[in-house]
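K.L.:
One predicted model, sequence on top.
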Amino acid sequence: DAGVIQSPRHEVTEMGQEVTLRCKPISGHNSLFWYRQTMMRGLELLIYFNNNVPIDDSGMPEDRFSAKMPNASFSTLKIQPSEPRDSAVYFCASSKNPQVTGANVLTFGAGSRLTVL
Amino acid sequence: RKEVEQDPGPFNVPEGATVAFNCTYSNSASQSFFWYRQDCRKEPKLLMSVYSSGNEDGRFTAQLNRASQYISLLIRDSKLSDSATYLCVVNYNDMRFGAGTRLTVKP
């Protein structure tokens, strides 16, 4: 099993540019989570999907952030336009059905480290 | 009030020491609980689940107190390799992480 795969691993961009982060969950996992981690705020849940449907996007900071999951094996997190305060590590994680206790262990990808200048 | 709160530390302990972390949560309907470990510049990884009756995995013991809404992690005979950040996680429909407690074990 290849685990959760994220790309890019590192991205440096200039303020105002569009950023797209990608995630491939573990095959058979039907829940996918996007987190953002900074020193100041720790690990924040941005949005999560269950069976490709967004369930809770209340953590998405503002309209500049959007996430999609067009199929069970792919998700994107887009920031447009990007700002310096968006600099963080963005993690994608997947799990089996979160409603089933014991089945909802999260497996994280290696993260995408974003720097917005 | 944050949904999941942890003492950020840092905890600096000598090898062989016993160290304990606590974590409180605000949603009394939370269904499951975990401890994750995160090494510097790496992703979080599951350390252990936390069961209502308490559970042990080698040198690690996790406990849950639903009445007081906190979970704890006890590490006995700490090793240099235990140095990491420990994150408590609380699940109620989604997975909410605490900010983490930084542990450094010194020779």
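P.N.:
Here it is on my side, so go on. This structure is a prediction, so every number in the text was calculated from the model and none was measured.
K.L.:
What ranges does chain B have for its strands?
P.N.:
Assigned by DSSP state E, chain B shows strands spanning B:4-6, B:11-14, B:19-25, B:32-38, B:45-50, B:55-57, B:60-65, B:70-75, B:84-92, B:94-97, B:101-106.
K.L.:
how about those strands in TSV, adding mean pLDDT and mean neighbour count?
P.N.:
All C-beta atoms are positioned from the backbone trio N, CA, C, and that covers glycine. Compiled in TSV, those are given as follows (pLDDT from 0 to 100; neighbours: other Cβ atoms under 10 Å in any protein chain shown):
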stretch	mean pLDDT	mean neighbour count
strand B:4-6	91	20
strand B:11-14	96	14
strand B:19-25	94	20
strand B:32-38	94	22
strand B:45-50	94	18
strand B:55-57	93	12
strand B:60-65	95	18
strand B:70-75	95	20
strand B:84-92	92	23
strand B:94-97	85	22
strand B:101-106	96	18
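K.L.:
Can you pull out the low-pLDDT segments for chain A?
P.N.:
Applying pLDDT under 70 to chain A picks out residues A:1, A:98-104.
K.L.:
can you list the strands of chain B in CSV and add distance to chain A?
P.N.:
Rendered in CSV, the data for the strands of chain B read as follows (distance: least, Cβ to the nearest Cβ, whole Å):
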stretch, distance to chain A
strand B:4-6, 9
strand B:11-14, 17
strand B:19-25, 12
strand B:32-38, 5
strand B:45-50, 5
strand B:55-57, 12
strand B:60-65, 13
strand B:70-75, 15
strand B:84-92, 6
strand B:94-97, 4
strand B:101-106, 11
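K.L.:
contacting residues for the residue nearest the centre of chain A?
P.N.:
The residue lying closest to the centre of chain A (Cα atoms, centre = their mean) is A:W34, at 2.7 Å. Contact analysis of A:W34 by Cβ atoms under 8 Å, 6 or more residues apart in numbering or on different chains lists A:23, A:45-48, A:67, A:75, A:77, A:90-92.
K.L.:
bridging residues for it?
P.N.:
Taking DSSP bridges as the rule, A:W34 bridges to A:I47, A:C92.
K.L.:
now it: how far from chain B?
P.N.:
11 Å (Cβ to the nearest Cβ, to the nearest Å).
K.L.:
next one: A:M40
P.N.:
9 Å.
K.L.:
on that earlier part again, who wins on neighbours among the contacts of A:W34?
P.N.:
Using other Cβ atoms under 10 Å in any protein chain shown as the neighbour criterion, A:C92 leads the contacts of A:W34 with 29 neighbours.
K.L.:
Touching, it and A:P25? I think so.
P.N.:
Yes - if you go by Cβ atoms under 8 Å, A:C92 and A:P25 touch, sitting 7.3 Å apart.
K.L.:
hey, what's in contact with both of these two?
P.N.:
In contact with both A:C92 and A:P25: A:4, A:32, A:75, using Cβ under 8 Å, 6+ apart.
K.L.:
can you count the residues close to the second one?
P.N.:
Residues lying near A:L32 (other Cβ under 10 Å) number 28.
K.L.:
And the first one, by the same measure?
P.N.:
By other Cβ under 10 Å, the residues close to A:V4 number 24.
K.L.:
if I look at it, how far off is B:I71?
P.N.:
Per Cβ to Cβ, to the nearest Å, A:V4 is found 25 Å from B:I71.
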